[in-house]
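In: my questions are about this predicted structure, shown below with the sequence.
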Amino acid sequence: MLGSRREKFASIFRRMESLIERGAMSYEQRPLWYDVYKAFPPKVEPTYGRPVPPAHVRDILYQEDLERSEAFRRYQKLGLINPFKVKDDRSTLSRELRNLHPDLPTNELLKLSEEELQKDGDLIFLGTASGYPSPRRGASGLILRDLKSGSQWLFDCGEGTQIQAQKCRLVHMGRISNIFISHLHGDHVYGLPGLLCTIAQRGEAGDISLASSENATKKPCVNIYGPQGLRRFVRLALAISRTRMQYSYAVHELIMRKEHRPEGYEDWASLEADPERDPPLACELPGRSIWPNDDGFWINVTGGEQDGTLVHAVALKHAVPSLGWLVIKPDRQPSLRVDVARSLGVPDGKLMGVLKQGKPVVVNGQTVRPEQVLGVPVRGERVAIMGDSYDSQELERLVNKLVVQGTFPELAVDVLVHEATLEHGMAENAREKGHSTPIQVTSFAARLNVRLLILTHFSQRYEAIARTGSVGSITDLSAAEPDTVVPKKSAHKDKPSVQILLDEAKTVPFSGEIMLADDFAVIPVPTTKVKEPS
């Protein structure tokens, strides 16, 4: 027997009142009982009950529950529009778009809102500078956001990343579950201890004390991946500053062989923490030592996400041991075209679910096949995020290996984020410091059939250019209000524009799109529909 959900009318009335105040419902749309209750509040508060399924019954849900659940699961951190109305309800998202496009007609604004809500993931750049942060450009930091699960993964964490993250409306540090550090140069890692202290994520860390065996059974709230030495760096930074963490973390180190390290490279300090002198803190859970396979790649470094996402790592050539990451999302099942199914006589309910699973159903003596009602499946996104590098050919070797194995049906990468520190005229200087130029990167991207190449990690010698703010390319929906303090002018009066780097990249034959990253830019991850067999 079904249970019931009982609510007091007072709470329902307050929610209705809040919807009207926020503009999500117009006053004319209020129900009749709203005026009655407001004019004649009862002495004894009535309750409203409706049947709800018990916990063990999973397939009995009201349509409104399904719609609400799906909306908040997919768009919980975006401002919502009401998809059932053809008017602007002044939601958070529509307000942001209105600020960007003040003269746009309402119907066009709604169209832009719907395009934003259709995105499955995006990249949020927190810092795009090389070397050090400046008032105009932050140190390296990048968020890969999954709009379905709401998770946010951080790639590199230079000094000031926590400040940049707090300025972004779309970044929620409590949702950062995985952190990937490419290498241990300061402009990629100095911000990590501070950010860990700022993250407001649940966990059971307790006080700063020696680790106990009980911690081995706990699950870390934040997993950190990077080269050897990262565990000791984080541990000592937190221990020496006597930081009290209220959640747990684990550092997983990727072990590099001799061929992965620069020629003649020597460590300046021990990469291993002494268990006697530097014991782990109570908030640090045991991390893994991840070894490369026989081909020299680190495969599935996270151990596999619940949604099937894989993360592989490759060694890059830089002044210090450096890593690049390849994130592979699982293919998504085709969506069910409910209107088509209904036109073929399929009733709402269980038979719809059978069709979505790819199985045929019989309705009124007629067989309805899945291919009649299912849309085109979407291939999972392939996002490559490279650390500092003057040679990233290991990524090309990994992708070719995946093609040969049949993991990738074709040689293609959807997004490549790669550094382009200096212009090609300074290629020798870039090579000495372990960096790339736009021409080198674009030529590399062309060999990988990259759909979208995003250049970042620009030298501070280049001045930033204004963003367009157009939805679907680079947006600043995540940016905070402009700072009131105007930074001092550079001592170099004629600083070249970063546009030089984009112009150079476009001189190389390349079929994909090229963009320059910028602080607080939000760039959607493009999706690819699976080609139907001919």
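Out: In hand now; what should we look at?

In: so the residue nearest to the spatial centre of the chain, which of the three states?
Out: Nearest to the geometric centre of the chain sits residue 145, at 1.5 Å (CA atoms, centre = their mean). Secondary structure state of residue 145, per DSSP: H, G, I helix; E, B strand; the rest coil, is strand.

In: may I have the beta-bridge partners of it?
Out: The residues paired with residue 145 through beta bridges, assigned by DSSP bridges, are residue 122, residue 152.

In: residue contacts, it?
Out: Residues in contact with residue 145 (CB atoms under 8 Å, 6 or more residues apart in numbering) are 121-124, 151-153, 170. The way it works is simple: take the backbone N, C-alpha and C, and place the C-beta from them, glycine included.

In: return the members of these classed as buried.
Out: 121-124, 151-153, 170 (16 or more other CB atoms under 10 Å).

In: among these, which one lies nearest to residue 302?
Out: residue 153 (9.4 Å; CB to CB).

In: thinking that closest one is in contact with residue 175, fair?
Out: No. In terms of CB atoms under 8 Å, residue 153 does not count as a neighbour of residue 175; the distance is 9.5 Å.

In: picking up where we left off before, of all the contacts of residue 145, which comes closest to residue 239?
Out: Ranking those by separation from residue 239, with CB to CB as the measure, puts residue 153 on top at 26.0 Å.

In: show me the contacts for the closest one.
Out: The neighbourhood of residue 153, defined by CB under 8 Å, 6+ apart, consists of 143-146, 176-180, 327.

In: nearest to residue 363 among these?
Out: Within the contacts of residue 153, distances to residue 363 taken as CB to CB reach their minimum at residue 146, with 36.1 Å.

In: so for that closest one, what's the pLDDT?
Out: At residue 146 the predicted local distance difference test score is 89.

In: give the contact list for the residue nearest to it when sequence neighbours are not counted.
Out: Spatial nearest neighbour of residue 146, chain neighbours left out: residue 121 (5.2 Å); criterion: CB to CB, 6 or more residues apart in numbering. Contacts of residue 121 were listed using CB under 8 Å, 6+ apart, and they are 144-148, 329, 381, 524-525.

In: hmm, try it at 6 Å
Out: 145-147, 525 (CB atoms under 6 Å, 6 or more residues apart in numbering).

In: before we move on, what about residue 420?
Out: Residues touching residue 420, when contacts are defined by CB under 6 Å, 6+ apart, comprise 436, 438, 441, 455, 501.

In: the third one: neighbour count?
Out: Using other CB atoms under 10 Å, the number of residues around residue 441 comes to 27.

In: distance of it from residue 447?
Out: When CB to CB, to the nearest Å is the yardstick, residue 441 and residue 447 sit 11 Å from each other.

In: so who does residue 417 touch?
Out: Residue 417 sits next to 385, 454 when contact means CB under 6 Å, 6+ apart.

In: tell me the SS of it?
Out: strand.

In: beta partners for it?
Out: For residue 417, the beta-bridge partners under DSSP bridges are residue 385, residue 454.

In: quick one on the thing from earlier: nearest to residue 229, of the buried ones among the contacts of residue 145?
Out: Distance to residue 229, by CB to CB, is smallest for residue 153 among the buried ones among the contacts of residue 145, at 21.2 Å.

In: how about the strands in the stretch 51-200 of the chain?
Out: Remark: strands of the stretch 51-200 of the chain, listed N- to C-terminal, are 121-127, 141-146, 152-157, 176-180; assignment by DSSP state E, counting those that start in this stretch.

In: got a markdown table for the contacts of residue 121, with distance to residue 17 too?
Out: A markdown table is the format used below for the contacts of residue 121 (distance: CB to CB, whole Å):
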| residue | distance to residue 17 |
| --- | --- |
| 145 | 33 |
| 146 | 34 |
| 147 | 30 |
| 525 | 39 |
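
In: after the helix or strand containing residue 503, which helix or strand is next?
Out: Using DSSP states H and E, the element containing residue 503 is helix 499-505. Note on helix 499-505: by DSSP H and E, the next helix or strand toward the C-terminus is strand 513-516.

In: and the helix or strand following that next one, average pLDDT?
Out: Following the chain from strand 513-516 toward its C-terminal end, the next helix or strand by DSSP H and E is strand 522-524. Strand 522-524 comes out with an average pLDDT of 92.

In: same question for stretch 406-419.
Out: This predicted structure assigns stretch 406-419 an average pLDDT of 94.

In: follow-up on the earlier one: dump the contacts of residue 145 to TSV, plus distance to residue 198.
Out: As requested, those are exported to TSV (distance: CB to CB, whole Å):
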residue	distance to residue 198
121	24
122	22
123	21
124	16
151	18
152	14
153	17
170	17
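
In: mind saving the C-alpha coords of the helix or strand containing residue 17 as PDB?
Out: Take DSSP H and E as the rule and residue 17 turns out to sit in helix 9-22. Coordinates of each C-alpha in helix 9-22 appear next as PDB, following Å, rounded to 0.1, in the frame of the first residue of the first chain:
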ATOM      1  CA  PHE A   9      -1.100  24.400   4.000                       C
ATOM      2  CA  ALA A  10       1.000  27.100   5.700                       C
ATOM      3  CA  SER A  11       4.200  25.800   4.200                       C
ATOM      4  CA  ILE A  12       2.500  25.400   0.800                       C
ATOM      5  CA  PHE A  13       1.200  28.900   1.000                       C
ATOM      6  CA  ARG A  14       4.700  30.300   1.900                       C
ATOM      7  CA  ARG A  15       6.200  28.500  -1.100                       C
ATOM      8  CA  MET A  16       3.600  29.900  -3.400                       C
ATOM      9  CA  GLU A  17       4.200  33.300  -1.900                       C
ATOM     10  CA  SER A  18       7.900  32.900  -2.600                       C
ATOM     11  CA  LEU A  19       7.300  31.900  -6.200                       C
ATOM     12  CA  ILE A  20       5.300  35.100  -6.700                       C
ATOM     13  CA  GLU A  21       7.800  37.300  -5.000                       C
ATOM     14  CA  ARG A  22      10.700  35.900  -7.100                       C
END
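
In: appreciated, that's everything.
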